[in-house]
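Student: model the structure of this input:
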Amino acid sequence: MKKYAIYIEYLNFFSVFNAFKLINKLKNENHLVEFTIFYIDCETFFESFFLYILKFAFAKVEKLSFELKDIIDSNGELVRLRMNRFDLFRVQKSIINGFTFKALKHDSWNQDRILPYLYKGIMDGGINDDWSITRSIFLIEVFNFHNLRNDYKYSFFITKDKAWKEVLNSEANKYNIDLLFHQKYFHFGKSNLVNLVLKYSKFFGFIQNFKYKRYKRDSLISINKLLLEGRGDYTLANDGYHTDFFWLMNSSFKKENLAYLIATAEEKEKLSLEGIYCIDGYVDIKEIKEQGYKKASIHKINGVGLEFKLIESILNKYSSKRDYWRSIFVSHNIKVFLTWYKYSNNHIAITDAINSIGGISVVWQMAFDGFETIESSIYSDISFIFSNFSHLVDRKIGSNSKYEIITGYPKDYAASLLKKEASTLREKFEANGVKKIVFVIDENSLDDHRWHTGHSYQRENYSYILEEVLRNPWLGVVFKPKQAKNLRKRLGPTNVLLLEAEATGRCFVYEDSNRHTTSAPPILAGLSADVCIHSHLSGGTAALECVLEGIPTLLIDREGCPYSKLYELPRDKVIFKNWPEAINAIMKYFKNSKSVKGFGDWSSIINDLDPFRDGLAAYRIGDFLYWLMEGFSKGLSKESVMKDAALKYSEKWGSDKVIINN
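Tutor: Take a look at the predicted model:
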């Protein structure tokens with residue numbers, strides 16, 4: 001008897017109808033068949049109704065249970081990480097080199113950075129976005145994982161009609177999975193409405209203004225400005241805590257040349273008092289003009305309706321965003337745009353917008369990238385990067401900045417400002433009998449463990465070390481969560497253990513938060529500790545902060561990230577596979593620090609991660625930005641401004657710290 005698995009992404013009338021047809025077809029071909037239907041999601045209201053119909057078709061039906069952290073390949077790599085590192089690049093290449101994309105391609109795409117914008121746009125969306133390529137590829141991997149473990153040699157994947165069907169089919173067929181697409185008969189919906197808005201730049205600007213018109217705008221001034229897109233860390237206190245203005249306060253950059261992109265009225269109120277020129281995104285609709293480039297067109301051919309609509313939507317978005325941002329730059333006399341956010345294609349349209357008025361776009365590297373990821377590509381005039389290793393990663397993923405400026409880790413100035421506060425916390429711990437302190441760096445987590453590693457890993461980050469603290473009255477622990485706002489809720493029952501440890505006076509959690517993350521930097525907690533532990537090897541930025549200050553720092557790789565640069569570090573001295581291994585090593589080290597030579601030591605690769613290590617990265621960034629604004633104040637062209645700033649940097653910090661690309 002043949003066993004079939006039928007996977008349905010979303011139970012609705014169309015998917016159930018297709019499943020019913022498929023079952024009847026297979027039964028007619030072979031009476032000795034057995035079906036099990038697995039579904040991913042369904043509206044609760046309709047679930048029982050659809051299940052009844054499917055059971056009527058003589059099939060077992062159940063919701064597919066899986067956790068992202070369990071989907072690991074034969075190399076021990078978490079498939080979700082492998083997808084971003086390798087698979088999605090291959091899928092993107094298949095789409096770009098495929099017949100459909102080439103047939104739709106128009107000569108107008110070759111201007112400015114439209115092609116990179118498209119390339120990044122077609123891969124937009126994550127695994128929890130049901131419309132994305134990434135989601136479909138991940139589900140194919142999940143189904144293959146499930147088939148192998150349950151001996152299903154024949155399977156089908158029923159999903160709604162999507163673009164790039166030939167590519168998705170090819171990916172599914174590698175695992176003997178047949179893809180079936182069901183039509184969405186009532187097609188005019190949200191995506192069509194959004195596309196209609198994006199098609200007209202002034203309409204897009206009108207919609208954007210609904211978010212901003214309640215704020216009173218500053219009067220326009222004639223001084224050239226750098227517009228900063230920050231992360232909501234809008235304090236100007238130079239105390240080592242997270243701030244978007246770290247480079248401003250640690251360099252010769254002039255405050256009067258700065259504009260800040262605010263998100264709330266509170267941000268505007270506080271920053272205006274500090275003399276910062278605030279921009280809220282409001283535009284004068286009459287000032288939006290479609291100019292400076294030929295609006296991109298697209299060839300229309302039969303049989304590729306979804307692909308046509310997708311490409312058309314991306315091109316419309318590019319045009320509207322470009323015109324919108326150009327209007328902002330012109331209205332506020334912006335000459336330089338500075339952002340950290342490289343993880344979508346938005347910065348590409350913004351780069352073309354500011355270039356159209358002779359301005360410069362700059363992206364600064366916020367996080368350490370230990371391996372290439374598809375969402376991290378940069379297309380700007382200038383990028384500030386940690387090291388030559390960062391340059392090599394960017395080159396692998398197709399990034400293209402005219403000038404790459406090696407600065408070292410940007411926040412390395414903070415340690416000297418935080419030592420006193422860190423010492424105060426340590427003294428409090430020591431007053432309660434503490435001899436040794438561990439600092440634990442965690443990551444964020446989401447409720448749905450299908451699309452994220454989930455809360456279980458985060459609870460482990462607390463439970464193992466907390467149990468050790470409660471067993472040993474000489475041990476203390478400090479936590480600096482990445483996202484503290486809902487930490488206690490995410491910890492669930494582990495929070496009881498945390499409260500018990502806090503009551504001893506030997507446990508502390510940094511919980512004050514800004515717009516996105518906890519306001520305290522990792523190094524604040526690290527400076528009070530004897531050993532730091534970063535519990536997720538796929539990241540590493542917070543760990544790098546501690547390493548730069550000479551603090552023994554460990555990495556725990558539970559997910560499976562064997563292709564990271566950090567895997568060059570020694571096993572059982574820096575890298576551990578789980579918490580029990582790490583804790584055993586820590587306790588041995590605390591008993592006799594000389595017994596584990598090289599414990600937490602990153603010296604073998606540290607020069608590859610930061611060639612400076614002098615606490616002056618923020619100064620270098622700010623001074624370079626100052627030189628850009630100084631060049632514009634002299635009336636120089638964009639190219640001359642960048643060339644002169646790069647030359648000054650090269651003379652001051654070394655010619656090998658400036659990389660010029662064609």
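
Student: any idea of the pLDDT on the closest residue to T518 other than its chain neighbours?
Tutor: Residue nearest to T518 in three dimensions, not counting chain neighbours: A484, with 4.5 Å by Cβ to Cβ, 6 or more residues apart in numbering. For glycine as for every other residue, the C-beta is placed from the backbone atoms N, C-alpha and C. For A484, the pLDDT comes out at 80.

Student: from what I can see A484 touches R490, true?
Tutor: No. Using Cβ atoms under 8 Å, A484 is not in contact with R490, being 10.0 Å away.

Student: now L179, what are its backbone angles?
Tutor: phi -90, psi 130 (degrees, to the nearest 10).

Student: how many neighbours does it have?
Tutor: Residues near L179, counting by other Cβ atoms under 10 Å, number 19.

Student: hmm, N169 and it touching each other?
Tutor: Yes. L179 is within contact range of N169, at 5.1 Å (criterion: Cβ under 8 Å).

Student: what residues are up against N12?
Tutor: Each residue near N12 by Cβ atoms under 8 Å, 6 or more residues apart in numbering is listed here: C42, E43, F46, F50.

Student: quick check, nearest of these to L271?
Tutor: Of all those, L271 sits closest to E43, with 43.9 Å by Cβ to Cβ.

Student: contacting residues for the closest residue to A542 other than its chain neighbours?
Tutor: Excluding its sequence neighbours, the residue lying closest to A542 (Cβ to Cβ, 6+ apart) is P522, at 3.7 Å. With contact set as Cβ under 8 Å, 6+ apart, P522 has these partners: F439, I441, K480, C532, T541, A542, A543, E545, C546.

Student: now do the strands in the stretch 401-550 of the chain.
Tutor: 436-441, 475-480, 507-509, 531-534 (DSSP state E, counting those that start in this stretch).

Student: er, the stretch 1-150 of the chain actually
Tutor: 2-11, 33-42, 60-63.

Student: so can I have JSON lines of these showing distance to N592 and mean pLDDT?
Tutor: What follows is the strands of the stretch 1-150 of the chain, written out as JSON lines (distance: least, Cβ to Cβ, whole Å; pLDDT from 0 to 100):
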{"stretch": "strand 2-11", "distance to N592": "54", "mean pLDDT": "92"}
{"stretch": "strand 33-42", "distance to N592": "52", "mean pLDDT": "91"}
{"stretch": "strand 60-63", "distance to N592": "52", "mean pLDDT": "92"}
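
Student: pLDDT below threshold where in the stretch 51-200 of the chain?
Tutor: The stretch 51-200 of the chain contains residues with pLDDT under 70 at 184-200.

Student: roughly how far apart are the spatially closest residue to K428 that is not a sequence neighbour and F17?
Tutor: Spatial nearest neighbour of K428, excluding adjacent residues (Cβ to Cβ, 6+ apart): G505 at 7.1 Å. In this view, G505 and F17 are 63 Å apart by Cβ to Cβ, to the nearest Å.

Student: got the domain boundaries for this structure?
Tutor: 2-96+122-182, 226-411+616-660, 415-609 (automatic domain parsing).

Student: distance to R113 added to those domains, as CSV?
Tutor: Shown next, in CSV, are the domains of the chain (distance: least, Cβ to Cβ, whole Å):
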stretch, distance to R113
domain 2-96+122-182, 15
domain 226-411+616-660, 5
domain 415-609, 27
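
Student: among those domains, which comes closest to N110?
Tutor: Comparing the domains of the chain by Cβ to Cβ, domain 226-411+616-660 comes nearest, at 9.6 Å.

Student: rounded mean pLDDT for the closest one, please.
Tutor: The model assigns domain 226-411+616-660 a mean pLDDT of 93.

Student: just give me the neighbour total for S637.
Tutor: 11.

Student: my read: it touches G358, true?
Tutor: Yes. If you go by Cβ under 8 Å, S637 and G358 touch, sitting 6.8 Å apart.

Student: so how far is the longest helix anywhere in the chain off the chain centroid?
Tutor: Looking across the chain with DSSP state H, the single longest helix is helix 305-331. Distance, stretch centre to chain centre, for helix 305-331: 22 Å (Cα atoms, centre = their mean, to the nearest Å).

Student: any idea which helix or strand comes after it?
Tutor: Following helix 305-331 in sequence order, the next helix or strand is strand 334-339 (DSSP states H and E).

Student: list the contacts of that following strand.
Tutor: 224-229, 259, 325, 328-329, 347, 350-351, 354, 358-364, 625, 628-629, 632.

Student: just the angle between the next helix or strand after it and helix 305-331, please?
Tutor: In the C-terminal direction, the helix or strand that comes right after strand 334-339 (DSSP H and E) is helix 346-355. Angle, helix 346-355 to helix 305-331, by axes from the mean of the first three to the mean of the last three Cα atoms, to 10 degrees: 50 degrees.

Student: which other helices and strands contact helix 346-355?
Tutor: helix 114-121, helix 305-331, strand 334-339, strand 360-364, strand 379-385 (3 or more Cβ pairs under 8 Å, 6 or more residues apart in numbering; DSSP states H and E).

Student: which strands or helices does the first one pack on?
Tutor: In other words, helix 114-121. helix 305-331, helix 346-355.

Student: number of residues surrounding the closest residue to R135 other than its chain neighbours?
Tutor: Leaving aside its sequence neighbours, R135 sits nearest to I127 (Cβ to Cβ, 6+ apart; 5.2 Å). Residues lying near I127 (other Cβ under 10 Å) number 21.

Student: center of the protein - which residue?
Tutor: Centroid check for the chain by Cα atoms, centre = their mean gives Y343 as the closest residue, at 5.6 Å.

Student: excluding its backbone neighbours, what's nearest that residue?
Tutor: E375 (4.7 Å).

Student: residue contacts, the one you found?
Tutor: Taking Cβ under 8 Å, 6+ apart as the test, what E375 contacts is N84, K120, M123, K342, Y343, S344.

Student: returning to what we had before: okay, the helices and strands packed on helix 114-121 in JSON lines with distance to I279 and mean neighbour count next?
Tutor: Shown next, in JSON lines, are the helices and strands packed on helix 114-121 (distance: least, Cβ to Cβ, whole Å; neighbours: other Cβ atoms under 10 Å):
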{"stretch": "helix 305-331", "distance to I279": "7", "mean neighbour count": "22"}
{"stretch": "helix 346-355", "distance to I279": "13", "mean neighbour count": "25"}
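
Student: adding distance to Y409, write those out as CSV.
Tutor: As requested, the helices and strands packed on helix 114-121 are exported to CSV (distance: least, Cβ to Cβ, whole Å):
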stretch, distance to Y409
helix 305-331, 29
helix 346-355, 21
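
Student: quick check: which of the ones you listed is nearest to Y282?
Tutor: Per Cβ to Cβ, nearest to Y282 of the helices and strands packed on helix 114-121: helix 305-331, 8.6 Å.

Student: packing partners of the closest one?
Tutor: helix 99-104, helix 114-121, helix 190-199, helix 201-209, strand 334-339, helix 346-355.

Student: now do that helix against strand 334-339: the angle between them, please.
Tutor: 130 degrees.

Student: tell me where the stretch 451-600 of the chain has helices.
Tutor: Taking DSSP state H, counting those that start in this stretch to define them, one finds helices in the stretch 451-600 of the chain at 455-471, 487-491, 494-503, 522-526, 541-547, 579-591.

Student: out of these, which is closest to D244?
Tutor: Of all those, helix 541-547 comes closest under Cβ to Cβ, at 16.3 Å.
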